[in-house]
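> Return a 3D structure for these sequence lines:
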Amino acid sequence: MLKTSITYKRIWKIAYPIILGSIVQNIISVTDTAFLGRVGEVELGAAAIGGVFYLTLIMLGFGFSVGTQIIVARRYGENKHNEIGIIIEHSHYFLILLAIILVVAMKSAMPFIFDKVLESEQVKVATQEYLNYRILGLLFACINFGFRAFYIGIARTKVITWTTIFMAFTNVFFDYALIFGNFGFAEYGIAGAAIASVIAEIIACIFFIFYTIKFIDTKYFGLFKFKRFNFALLKRILTVALPMMMQNFISFTGWFFFFLFVEKMGEHSLAISNVIRSIYVVMLIPIWGFTSATNTLVSFLIGRERTREVIPVVIKILKLCILGVLGLVLVNLTIPEKVLSIYTNNTLLIQDSLPALYVVSIAAIFLTTGFVFFSGVSGTGMTKVSFMIETIVIVLYILITYLLVNLENSRVEWVWCVEIVYGLIIGLLSYLYLKFGNWKYKRI
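The predicted structure is shown next:
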(Lines give C-alpha, C1' and ligand atoms only; values in the text may rest on other atoms or scores of the structure.)
Protein backbone atom coordinates (compact mmCIF):
# COMPACT_ATOMS: atom_id res chain seq x y z
CA MET A 1 0.00 0.00 0.00
CA LEU A 2 1.14 3.54 -0.74
CA LYS A 3 2.53 5.50 2.18
CA THR A 4 1.39 8.93 3.35
CA SER A 5 3.10 11.75 5.21
CA ILE A 6 -0.05 12.22 7.31
CA THR A 7 0.86 10.62 10.64
CA TYR A 8 -1.36 8.98 13.24
CA LYS A 9 -0.37 11.84 15.55
CA ARG A 10 -1.67 14.45 13.12
CA ILE A 11 -4.94 12.54 12.60
CA TRP A 12 -5.36 12.32 16.37
CA LYS A 13 -4.56 16.03 16.79
CA ILE A 14 -7.48 16.94 14.54
CA ALA A 15 -9.88 14.28 15.82
CA TYR A 16 -9.41 14.30 19.60
CA PRO A 17 -10.81 17.79 20.31
CA ILE A 18 -13.91 16.87 18.29
CA ILE A 19 -14.16 13.59 20.20
CA LEU A 20 -13.80 15.41 23.53
CA GLY A 21 -16.37 17.93 22.36
CA SER A 22 -18.71 15.12 21.35
CA ILE A 23 -18.26 13.48 24.75
CA VAL A 24 -19.31 16.69 26.44
CA GLN A 25 -22.09 17.21 23.88
CA ASN A 26 -23.42 13.75 24.70
CA ILE A 27 -23.61 14.69 28.36
CA ILE A 28 -26.58 16.74 27.15
CA SER A 29 -28.23 13.67 25.59
CA VAL A 30 -27.39 11.47 28.58
CA THR A 31 -28.69 14.07 31.02
CA ASP A 32 -31.95 14.57 29.14
CA THR A 33 -32.56 10.83 28.91
CA ALA A 34 -31.51 10.12 32.50
CA PHE A 35 -33.73 12.86 33.96
CA LEU A 36 -36.73 12.09 31.75
CA GLY A 37 -36.28 8.37 32.44
CA ARG A 38 -37.14 9.24 36.03
CA VAL A 39 -40.19 11.24 35.00
CA GLY A 40 -41.93 8.48 33.04
CA GLU A 41 -41.95 6.20 29.98
CA VAL A 42 -44.25 8.55 28.05
CA GLU A 43 -41.83 11.46 28.48
CA LEU A 44 -38.88 9.21 27.61
CA GLY A 45 -40.57 8.04 24.41
CA ALA A 46 -41.75 11.53 23.45
CA ALA A 47 -38.24 12.90 23.88
CA ALA A 48 -37.00 10.19 21.49
CA ILE A 49 -39.49 11.15 18.77
CA GLY A 50 -39.06 14.89 19.38
CA GLY A 51 -35.29 14.67 19.61
CA VAL A 52 -34.89 12.70 16.38
CA PHE A 53 -37.35 15.02 14.59
CA TYR A 54 -35.28 18.02 15.71
CA LEU A 55 -32.06 16.30 14.63
CA THR A 56 -33.60 15.52 11.24
CA LEU A 57 -34.28 19.23 10.68
CA ILE A 58 -30.96 20.39 12.06
CA MET A 59 -29.12 18.01 9.75
CA LEU A 60 -29.97 20.37 6.89
CA GLY A 61 -27.82 23.02 8.58
CA PHE A 62 -25.19 20.49 9.65
CA GLY A 63 -24.94 19.09 6.11
CA PHE A 64 -24.45 22.58 4.72
CA SER A 65 -21.69 23.20 7.27
CA VAL A 66 -19.92 19.96 6.29
CA GLY A 67 -19.95 21.13 2.67
CA THR A 68 -18.53 24.46 3.84
CA GLN A 69 -15.88 22.65 5.90
CA ILE A 70 -14.75 20.69 2.83
CA ILE A 71 -14.34 23.93 0.83
CA VAL A 72 -12.50 25.65 3.71
CA ALA A 73 -10.10 22.70 4.01
CA ARG A 74 -9.51 22.81 0.25
CA ARG A 75 -8.71 26.55 0.31
CA TYR A 76 -6.46 25.98 3.32
CA GLY A 77 -4.62 23.24 1.40
CA GLU A 78 -4.30 25.60 -1.58
CA ASN A 79 -2.87 28.37 0.70
CA LYS A 80 -5.77 30.67 -0.18
CA HIS A 81 -6.38 31.70 3.43
CA ASN A 82 -7.83 35.11 2.63
CA GLU A 83 -10.76 33.47 0.77
CA ILE A 84 -11.92 31.53 3.81
CA GLY A 85 -13.62 34.43 5.64
CA ILE A 86 -16.05 35.29 2.87
CA ILE A 87 -16.97 31.60 2.52
CA ILE A 88 -17.83 31.42 6.24
CA GLU A 89 -19.81 34.69 6.09
CA HIS A 90 -21.91 33.51 3.15
CA SER A 91 -22.44 30.20 4.92
CA HIS A 92 -23.78 32.08 7.94
CA TYR A 93 -26.11 34.15 5.75
CA PHE A 94 -27.58 30.96 4.32
CA LEU A 95 -27.72 29.09 7.65
CA ILE A 96 -29.55 31.93 9.45
CA LEU A 97 -32.13 32.19 6.65
CA LEU A 98 -32.57 28.41 6.64
CA ALA A 99 -33.12 28.35 10.42
CA ILE A 100 -35.75 31.10 10.30
CA ILE A 101 -37.66 29.31 7.53
CA LEU A 102 -37.55 25.97 9.41
CA VAL A 103 -38.72 27.49 12.71
CA VAL A 104 -41.69 29.26 11.10
CA ALA A 105 -42.64 26.24 8.97
CA MET A 106 -42.41 23.73 11.80
CA LYS A 107 -44.28 25.90 14.29
CA SER A 108 -47.17 25.84 11.82
CA ALA A 109 -46.92 22.22 10.65
CA MET A 110 -45.97 20.25 13.81
CA PRO A 111 -49.50 19.76 15.21
CA PHE A 112 -50.67 18.35 11.87
CA ILE A 113 -47.60 16.12 11.43
CA PHE A 114 -47.77 14.40 14.81
CA ASP A 115 -51.54 14.13 14.82
CA LYS A 116 -51.24 11.99 11.69
CA VAL A 117 -48.21 9.82 12.47
CA LEU A 118 -48.43 9.05 16.22
CA GLU A 119 -50.92 6.62 17.73
CA SER A 120 -50.48 7.26 21.49
CA GLU A 121 -52.32 10.43 22.52
CA GLN A 122 -50.04 10.88 25.53
CA VAL A 123 -46.87 10.60 23.43
CA LYS A 124 -48.38 12.97 20.87
CA VAL A 125 -49.08 15.70 23.46
CA ALA A 126 -45.69 15.31 25.17
CA THR A 127 -43.80 15.37 21.84
CA GLN A 128 -45.44 18.61 20.76
CA GLU A 129 -44.82 20.16 24.18
CA TYR A 130 -41.13 19.30 23.87
CA LEU A 131 -40.73 20.57 20.31
CA ASN A 132 -42.60 23.85 20.83
CA TYR A 133 -39.57 25.00 22.81
CA ARG A 134 -36.79 22.87 21.31
CA ILE A 135 -37.37 24.10 17.76
CA LEU A 136 -36.27 27.62 18.81
CA GLY A 137 -32.72 26.34 19.22
CA LEU A 138 -32.38 25.87 15.46
CA LEU A 139 -31.23 29.45 14.86
CA PHE A 140 -28.36 29.30 17.34
CA ALA A 141 -27.40 25.75 16.37
CA CYS A 142 -27.08 26.79 12.72
CA ILE A 143 -24.83 29.74 13.61
CA ASN A 144 -22.69 27.33 15.66
CA PHE A 145 -22.42 25.01 12.65
CA GLY A 146 -20.90 27.85 10.61
CA PHE A 147 -18.16 28.38 13.21
CA ARG A 148 -17.64 24.61 13.47
CA ALA A 149 -17.05 24.43 9.70
CA PHE A 150 -14.37 27.11 9.98
CA TYR A 151 -12.45 25.55 12.86
CA ILE A 152 -12.55 21.96 11.57
CA GLY A 153 -11.71 23.15 8.04
CA ILE A 154 -8.49 24.81 9.25
CA ALA A 155 -7.79 21.89 11.64
CA ARG A 156 -7.98 24.02 14.82
CA THR A 157 -10.56 22.01 16.69
CA LYS A 158 -9.82 22.59 20.39
CA VAL A 159 -12.34 25.43 20.56
CA ILE A 160 -15.09 22.92 19.80
CA THR A 161 -14.21 21.09 23.01
CA TRP A 162 -14.41 24.28 25.09
CA THR A 163 -17.68 25.30 23.47
CA THR A 164 -19.34 22.00 24.21
CA ILE A 165 -18.07 22.05 27.81
CA PHE A 166 -19.93 25.33 28.32
CA MET A 167 -22.98 23.82 26.61
CA ALA A 168 -22.93 20.72 28.78
CA PHE A 169 -22.65 22.53 32.11
CA THR A 170 -25.42 24.91 31.08
CA ASN A 171 -27.66 22.07 29.98
CA VAL A 172 -27.13 19.94 33.09
CA PHE A 173 -27.85 22.87 35.38
CA PHE A 174 -31.03 23.95 33.60
CA ASP A 175 -32.22 20.35 33.09
CA TYR A 176 -32.09 19.78 36.83
CA ALA A 177 -33.64 23.16 37.54
CA LEU A 178 -36.44 23.17 34.95
CA ILE A 179 -37.48 19.51 34.62
CA PHE A 180 -38.00 19.03 38.37
CA GLY A 181 -38.46 22.65 39.52
CA ASN A 182 -35.27 23.02 41.56
CA PHE A 183 -33.36 26.18 42.63
CA GLY A 184 -36.58 28.17 42.79
CA PHE A 185 -37.54 27.54 39.14
CA ALA A 186 -40.99 26.35 38.05
CA GLU A 187 -41.40 22.62 37.24
CA TYR A 188 -41.70 22.26 33.44
CA GLY A 189 -41.24 18.49 33.02
CA ILE A 190 -40.41 17.50 29.44
CA ALA A 191 -40.60 21.14 28.30
CA GLY A 192 -37.82 21.92 30.80
CA ALA A 193 -35.46 19.58 28.94
CA ALA A 194 -36.17 21.44 25.70
CA ILE A 195 -35.71 24.91 27.26
CA ALA A 196 -32.41 23.82 28.83
CA SER A 197 -31.10 22.67 25.44
CA VAL A 198 -32.03 25.98 23.80
CA ILE A 199 -30.24 27.97 26.51
CA ALA A 200 -27.16 25.75 26.01
CA GLU A 201 -27.17 26.49 22.25
CA ILE A 202 -27.30 30.23 22.97
CA ILE A 203 -24.33 30.00 25.36
CA ALA A 204 -22.32 28.09 22.73
CA CYS A 205 -23.11 30.72 20.09
CA ILE A 206 -21.93 33.56 22.33
CA PHE A 207 -18.73 31.68 23.17
CA PHE A 208 -17.89 31.02 19.49
CA ILE A 209 -18.28 34.71 18.61
CA PHE A 210 -16.13 36.00 21.49
CA TYR A 211 -13.45 33.31 21.02
CA THR A 212 -13.11 34.07 17.31
CA ILE A 213 -12.78 37.82 17.91
CA LYS A 214 -10.28 37.34 20.74
CA PHE A 215 -8.01 34.51 19.54
CA ILE A 216 -8.23 34.30 15.73
CA ASP A 217 -6.36 36.52 13.25
CA THR A 218 -9.50 37.67 11.50
CA LYS A 219 -7.54 39.74 8.94
CA TYR A 220 -5.46 36.72 7.89
CA PHE A 221 -8.59 34.67 7.14
CA GLY A 222 -10.70 37.62 5.96
CA LEU A 223 -13.30 37.08 8.68
CA PHE A 224 -15.99 39.58 9.75
CA LYS A 225 -15.50 41.84 6.73
CA PHE A 226 -19.18 41.43 5.75
CA LYS A 227 -18.58 42.11 2.10
CA ARG A 228 -21.38 42.60 -0.39
CA PHE A 229 -23.50 39.48 -0.83
CA ASN A 230 -22.22 37.39 -3.73
CA PHE A 231 -24.81 35.06 -5.28
CA ALA A 232 -22.18 33.40 -7.47
CA LEU A 233 -20.13 32.46 -4.39
CA LEU A 234 -23.17 31.08 -2.55
CA LYS A 235 -24.02 29.04 -5.63
CA ARG A 236 -20.51 27.55 -5.61
CA ILE A 237 -20.85 26.68 -1.91
CA LEU A 238 -24.27 25.15 -2.52
CA THR A 239 -22.89 23.00 -5.33
CA VAL A 240 -20.83 21.16 -2.73
CA ALA A 241 -23.06 21.69 0.32
CA LEU A 242 -26.57 21.00 -1.04
CA PRO A 243 -25.96 17.26 -1.60
CA MET A 244 -24.47 17.12 1.92
CA MET A 245 -27.57 18.85 3.30
CA MET A 246 -29.91 16.42 1.65
CA GLN A 247 -27.66 13.48 2.50
CA ASN A 248 -27.69 14.28 6.24
CA PHE A 249 -31.41 15.12 6.15
CA ILE A 250 -32.25 11.81 4.47
CA SER A 251 -30.00 9.94 6.89
CA PHE A 252 -31.86 11.23 9.94
CA THR A 253 -35.21 10.91 8.17
CA GLY A 254 -34.45 7.20 8.17
CA TRP A 255 -33.95 7.31 11.94
CA PHE A 256 -37.14 9.35 12.36
CA PHE A 257 -39.08 6.66 10.46
CA PHE A 258 -37.36 4.07 12.64
CA PHE A 259 -38.85 5.63 15.79
CA LEU A 260 -42.25 6.16 14.16
CA PHE A 261 -42.37 2.46 13.29
CA VAL A 262 -41.21 1.45 16.78
CA GLU A 263 -43.91 3.69 18.32
CA LYS A 264 -46.47 1.33 16.74
CA MET A 265 -45.01 -1.44 18.91
CA GLY A 266 -46.04 0.44 22.07
CA GLU A 267 -44.79 2.97 24.61
CA HIS A 268 -42.53 0.40 26.32
CA SER A 269 -40.70 -0.48 23.09
CA LEU A 270 -40.35 3.23 22.33
CA ALA A 271 -38.87 3.88 25.79
CA ILE A 272 -36.38 1.01 25.28
CA SER A 273 -35.35 2.49 21.93
CA ASN A 274 -34.72 5.93 23.43
CA VAL A 275 -32.43 4.45 26.08
CA ILE A 276 -30.62 2.42 23.41
CA ARG A 277 -30.41 5.47 21.12
CA SER A 278 -28.65 7.44 23.87
CA ILE A 279 -26.12 4.65 24.44
CA TYR A 280 -25.66 4.17 20.70
CA VAL A 281 -24.95 7.87 20.23
CA VAL A 282 -22.20 7.64 22.88
CA MET A 283 -20.63 4.78 20.90
CA LEU A 284 -20.66 7.01 17.82
CA ILE A 285 -18.50 9.67 19.55
CA PRO A 286 -15.14 8.41 18.21
CA ILE A 287 -16.73 7.96 14.77
CA TRP A 288 -17.82 11.62 14.59
CA GLY A 289 -14.36 12.84 15.54
CA PHE A 290 -12.53 10.67 13.04
CA THR A 291 -15.01 11.20 10.20
CA SER A 292 -14.58 14.97 10.59
CA ALA A 293 -10.82 14.42 10.39
CA THR A 294 -11.39 12.29 7.27
CA ASN A 295 -13.34 15.06 5.52
CA THR A 296 -10.68 17.66 6.34
CA LEU A 297 -7.60 15.59 5.52
CA VAL A 298 -8.95 14.13 2.26
CA SER A 299 -9.92 17.60 1.01
CA PHE A 300 -6.57 19.03 2.19
CA LEU A 301 -4.60 16.32 0.36
CA ILE A 302 -6.49 16.89 -2.88
CA GLY A 303 -5.86 20.64 -2.50
CA ARG A 304 -2.13 19.83 -2.28
CA GLU A 305 -2.45 17.47 -5.29
CA ARG A 306 -1.48 14.45 -3.18
CA THR A 307 -4.38 12.23 -4.25
CA ARG A 308 -2.31 9.02 -4.07
CA GLU A 309 -2.24 9.44 -0.28
CA VAL A 310 -6.02 9.59 0.19
CA ILE A 311 -6.84 5.89 0.63
CA PRO A 312 -3.79 5.21 2.90
CA VAL A 313 -4.91 8.11 5.12
CA VAL A 314 -8.48 6.80 5.24
CA ILE A 315 -7.16 3.35 6.29
CA LYS A 316 -5.07 4.95 9.06
CA ILE A 317 -8.10 6.85 10.33
CA LEU A 318 -10.20 3.67 10.25
CA LYS A 319 -7.68 1.81 12.45
CA LEU A 320 -7.72 4.55 15.08
CA CYS A 321 -11.51 4.79 14.98
CA ILE A 322 -12.04 1.06 15.44
CA LEU A 323 -9.78 1.11 18.51
CA GLY A 324 -11.86 3.90 20.04
CA VAL A 325 -15.19 2.20 19.37
CA LEU A 326 -14.00 -1.20 20.63
CA GLY A 327 -13.26 0.32 24.03
CA LEU A 328 -16.87 1.49 24.39
CA VAL A 329 -18.24 -1.81 23.07
CA LEU A 330 -16.27 -3.75 25.71
CA VAL A 331 -17.77 -1.57 28.46
CA ASN A 332 -21.30 -2.32 27.19
CA LEU A 333 -20.65 -6.05 27.02
CA THR A 334 -18.89 -6.25 30.41
CA ILE A 335 -21.27 -4.22 32.61
CA PRO A 336 -24.49 -3.82 30.55
CA GLU A 337 -26.86 -3.40 33.52
CA LYS A 338 -24.72 -0.64 35.02
CA VAL A 339 -24.62 1.17 31.66
CA LEU A 340 -28.42 0.98 31.31
CA SER A 341 -28.98 2.09 34.92
CA ILE A 342 -27.43 5.46 34.04
CA TYR A 343 -30.51 6.18 31.93
CA THR A 344 -33.32 4.69 34.02
CA ASN A 345 -34.00 3.11 37.41
CA ASN A 346 -36.87 1.01 35.99
CA THR A 347 -35.76 -2.62 36.49
CA LEU A 348 -38.08 -4.01 33.81
CA LEU A 349 -36.91 -1.42 31.30
CA ILE A 350 -33.27 -2.29 32.04
CA GLN A 351 -33.82 -6.03 31.56
CA ASP A 352 -35.83 -5.61 28.38
CA SER A 353 -33.18 -3.27 26.93
CA LEU A 354 -30.30 -5.75 27.29
CA PRO A 355 -30.76 -7.63 23.97
CA ALA A 356 -30.96 -4.36 21.99
CA LEU A 357 -27.80 -3.13 23.74
CA TYR A 358 -25.90 -6.19 22.54
CA VAL A 359 -27.18 -5.64 18.98
CA VAL A 360 -26.07 -1.98 18.78
CA SER A 361 -22.69 -2.87 20.27
CA ILE A 362 -22.10 -5.13 17.27
CA ALA A 363 -23.62 -2.57 14.89
CA ALA A 364 -21.16 0.12 16.07
CA ILE A 365 -18.24 -1.83 14.56
CA PHE A 366 -19.93 -2.04 11.16
CA LEU A 367 -20.90 1.62 11.35
CA THR A 368 -17.30 2.62 12.11
CA THR A 369 -16.06 1.15 8.84
CA GLY A 370 -19.02 2.47 6.89
CA PHE A 371 -18.81 6.05 8.11
CA VAL A 372 -15.04 6.45 7.73
CA PHE A 373 -15.10 5.28 4.10
CA PHE A 374 -18.22 7.33 3.46
CA SER A 375 -16.55 10.48 4.85
CA GLY A 376 -13.65 9.77 2.52
CA VAL A 377 -16.07 9.99 -0.41
CA SER A 378 -17.60 13.29 0.75
CA GLY A 379 -14.13 14.69 1.52
CA THR A 380 -13.20 14.35 -2.16
CA GLY A 381 -15.84 16.96 -2.95
CA MET A 382 -17.95 14.42 -4.87
CA THR A 383 -20.93 15.17 -2.65
CA LYS A 384 -23.46 14.20 -5.33
CA VAL A 385 -22.02 10.70 -5.24
CA SER A 386 -22.14 10.55 -1.43
CA PHE A 387 -25.76 11.77 -1.62
CA MET A 388 -26.63 8.97 -4.06
CA ILE A 389 -24.97 6.37 -1.82
CA GLU A 390 -26.81 7.67 1.26
CA THR A 391 -30.15 7.72 -0.58
CA ILE A 392 -29.81 4.11 -1.75
CA VAL A 393 -28.84 2.91 1.72
CA ILE A 394 -31.58 4.85 3.55
CA VAL A 395 -34.32 3.54 1.25
CA LEU A 396 -33.15 0.02 2.08
CA TYR A 397 -32.91 0.99 5.78
CA ILE A 398 -36.53 2.18 5.93
CA LEU A 399 -37.85 -0.85 4.04
CA ILE A 400 -35.98 -3.31 6.25
CA THR A 401 -37.07 -1.48 9.42
CA TYR A 402 -40.70 -1.62 8.30
CA LEU A 403 -40.45 -5.34 7.58
CA LEU A 404 -38.78 -6.09 10.93
CA VAL A 405 -41.39 -4.10 12.89
CA ASN A 406 -44.21 -5.96 11.16
CA LEU A 407 -42.84 -9.47 11.62
CA GLU A 408 -45.13 -11.68 13.69
CA ASN A 409 -44.25 -11.34 17.39
CA SER A 410 -41.47 -8.93 16.48
CA ARG A 411 -39.15 -7.73 19.22
CA VAL A 412 -37.48 -4.33 19.42
CA GLU A 413 -33.94 -5.79 19.37
CA TRP A 414 -34.71 -7.40 15.99
CA VAL A 415 -35.53 -3.96 14.61
CA TRP A 416 -32.19 -2.56 15.81
CA CYS A 417 -30.42 -5.17 13.62
CA VAL A 418 -31.07 -2.83 10.69
CA GLU A 419 -28.11 -0.73 11.92
CA ILE A 420 -25.76 -3.61 11.08
CA VAL A 421 -27.12 -3.76 7.53
CA TYR A 422 -26.78 0.04 7.18
CA GLY A 423 -23.11 0.08 8.21
CA LEU A 424 -22.24 -2.88 6.00
CA ILE A 425 -23.82 -1.53 2.79
CA ILE A 426 -22.68 2.10 3.12
CA GLY A 427 -19.13 0.96 3.85
CA LEU A 428 -19.00 -1.38 0.87
CA LEU A 429 -20.38 1.17 -1.62
CA SER A 430 -18.07 3.93 -0.32
CA TYR A 431 -14.95 1.76 -0.46
CA LEU A 432 -15.71 0.68 -4.03
CA TYR A 433 -16.08 4.32 -5.10
CA LEU A 434 -12.83 5.40 -3.43
CA LYS A 435 -11.04 2.48 -5.07
CA PHE A 436 -12.46 2.74 -8.58
CA GLY A 437 -14.34 6.08 -8.84
CA ASN A 438 -13.32 9.18 -10.80
CA TRP A 439 -12.73 11.69 -7.98
CA LYS A 440 -9.02 12.61 -8.08
CA TYR A 441 -9.33 15.82 -10.08
CA LYS A 442 -12.55 17.23 -8.64
CA ARG A 443 -12.36 21.03 -8.30
CA ILE A 444 -14.55 22.87 -5.79
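
> Would you mind identifying the helix or strand in this structure with the lowest mean pLDDT?
helix 8-36 (a mean of 74; mean pLDDT, DSSP states H and E).

> next helix or strand past it?
helix 41-77 (DSSP states H and E).

> So for that next one, mean pLDDT?
Helix 41-77 carries an average pLDDT of 86.

> now the farthest one out in this protein, which residue is it?
Residue farthest from the centre of the chain, counting by Cα atoms, centre = their mean, is Gly184 at 33.8 Å.

> Quickly find the element holding it.
Going by DSSP H and E, Gly184 is not part of any helix or strand.

> can you check the one 10 residues further on too?
Element membership of Ala194 [criterion: DSSP H and E] is helix 190-215.

> list the buried ones in that helix?
For helix 190-215, a neighbour-count test (16 or more other Cβ atoms under 10 Å) marks 190-205, 207-208, 212 as buried. To be clear about C-beta, it is placed using only N, CA and C from the backbone, and glycine gets the same treatment.

> next one: stretch 121-140
123-124, 126-140.

> Ok, stretch 65-83 next?
65-77.

> what's the answer for stretch 218-231, then?
Within stretch 218-231, judged by 16+ other Cβ under 10 Å, the buried ones are 221-223.

> Check those residues against Asn295 and report the nearest one.
Proximity of the buried residues of stretch 218-231 to Asn295 (Cβ to Cβ) peaks at Phe221, which lies at 18.9 Å.

> Let me know the distance separating that closest one from Lys235.
Per Cβ to Cβ, to the nearest Å, Phe221 is found 22 Å from Lys235.

> Equivalent analysis for Leu20, please.
For Leu20 relative to Lys235 (Cβ to Cβ), the value is 36 Å.

> Please, which helix or strand holds Ile420?
Residue-wise, Ile420 maps onto helix 418-436 under DSSP H and E.

> How about the backbone phi and psi for Arg38?
phi -100, psi 0 (degrees, to the nearest 10).

> which non-adjacent residue is nearest it?
Asn345 (6.4 Å; Cβ to Cβ, 6 or more residues apart in numbering).

> Tell me the secondary structure of the one you found, please.
Taking DSSP: H, G, I helix; E, B strand; the rest coil as the rule, one finds Asn345 in the coil state.

> From the contact counts, what lies against whatever helix or strand Thr401 lives in?
Using DSSP H and E, Thr401 sits within helix 383-405. Packing contacts for helix 383-405, counted by 3 or more Cβ pairs under 8 Å, 6 or more residues apart in numbering; DSSP states H and E, involve helix 231-263, helix 347-379, helix 412-416, helix 418-436.

> Pull the contacting residues for Phe180.
The contact partners of Phe180, taken as Cβ atoms under 8 Å, 6 or more residues apart in numbering, are 35, 187, 192.

> what about Ser341, neighbour count?
Counted with other Cβ atoms under 10 Å, the neighbours of Ser341 add up to 16.

> One more: Tyr93?
15.

> give me phi/psi at the nearest residue to it once chain neighbours are set aside?
Computed as Cβ to Cβ, 6+ apart, the closest residue to Tyr93 that is not its neighbour in sequence is Phe229, at 6.7 Å. Main-chain torsions, Phe229, degrees, to the nearest 10: phi -60, psi 130.

> Show the pLDDT at Phe229.
For Phe229, the predicted pLDDT is 86.

> go on, Gly85?
93.

> isn't it right up against Thr218?
Yes - contact criterion Cβ atoms under 8 Å: Gly85 and Thr218 qualify, at 7.2 Å.

> Common neighbours of the two, please.
Joint contacts of Gly85 and Thr218 (Cβ under 8 Å, 6+ apart) are Phe224.

> Hmm, Tyr211 is touching Val159, no?
Yes - at 5.5 Å, Tyr211 and Val159 qualify as touching, with contact defined as Cβ under 8 Å.

> Looking at the contacts of Phe180, which is nearest Tyr422?
The nearest member of the contacts of Phe180 to Tyr422, counting by Cβ to Cβ, is Phe35 at 29.5 Å.
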